[in-house]
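Asks: Please work out how this folds:
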Amino acid sequence: MDCIFCNIRDKEIPSSILFENEKAFAILDINPMNYGHVLLISKGHYSDILEIPENDLKEILSAVQLVSKALVDAFSLEGFNLVANKGEIAGQSIFHFHFHIIPRHKNDNINFVRNIKKYHENQFNKYADQIRNAIQSLK
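Replies: Got it, this is the predicted structure:
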């Protein structure tokens, strides 16, 4: 397996690590959507959020919160986007779990296209029931 994030984790590829704990590390994205764009990467090689053991995910989320607060403080941010893609259809290009923490500034010309949909007739309840049933089956 040749994984760029595993290679960075193992110091086989040079990188400036911003933060590191037992379960995650953070680096600047070399192809940022905005300056200061950080990747918070799991140390374990999991392809996406659905593969991560729950205890590892808790530590990773704690690291996301810490690094996000640091970004807000460092750049006096009014906001940021937190993104984790699952699957190629969702834009995932590196199949090693990571969060993007993207600093946002007024008039930064970053647009996420929102194509708002409307539920028709009984679709709302149908979707809600399907999700509830799936959640119950996972317990």
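Asks: Would you quantify the distance from residue 25 to residue 63?
Replies: According to C-beta to C-beta, to the nearest Å, residue 25 and residue 63 sit 8 Å apart. Where C-beta positions appear, they are placed from N, C-alpha and C, glycine not excepted.
Asks: anything in contact with each of those two?
Replies: Shared contacts of residue 25 and residue 63 (C-beta atoms under 8 Å, 6 or more residues apart in numbering): 19, 40.
Asks: Could you list every helix and strand in contact with the longest strand along the chain?
Replies: Counting by DSSP state E, the longest strand found in the chain is strand 98-104. Contact here means 3 or more C-beta pairs under 8 Å, 6 or more residues apart in numbering; DSSP states H and E; on that basis strand 98-104 packs against strand 38-42, helix 54-75, strand 79-83.
Asks: So which of the ones you listed is the most surrounded?
Replies: A comparison of the helices and strands packed on strand 98-104 by mean neighbour count, using mean count of other C-beta atoms under 10 Å, puts strand 38-42 on top with a mean of 24.
Asks: same question for that strand, mean pLDDT?
Replies: Averaged over strand 38-42, pLDDT sits at 98.
Asks: so what strands line up beside it?
Replies: strand 24-28 (antiparallel), strand 98-104 (antiparallel) (DSSP bridges).
Asks: in the shortest one, what's buried?
Replies: Think strand 24-28. Across strand 24-28, burial judged by 16 or more other C-beta atoms under 10 Å covers 24, 25, 26, 27.
Asks: What average pLDDT does it get?
Replies: Rounded mean pLDDT across strand 24-28 is 97.
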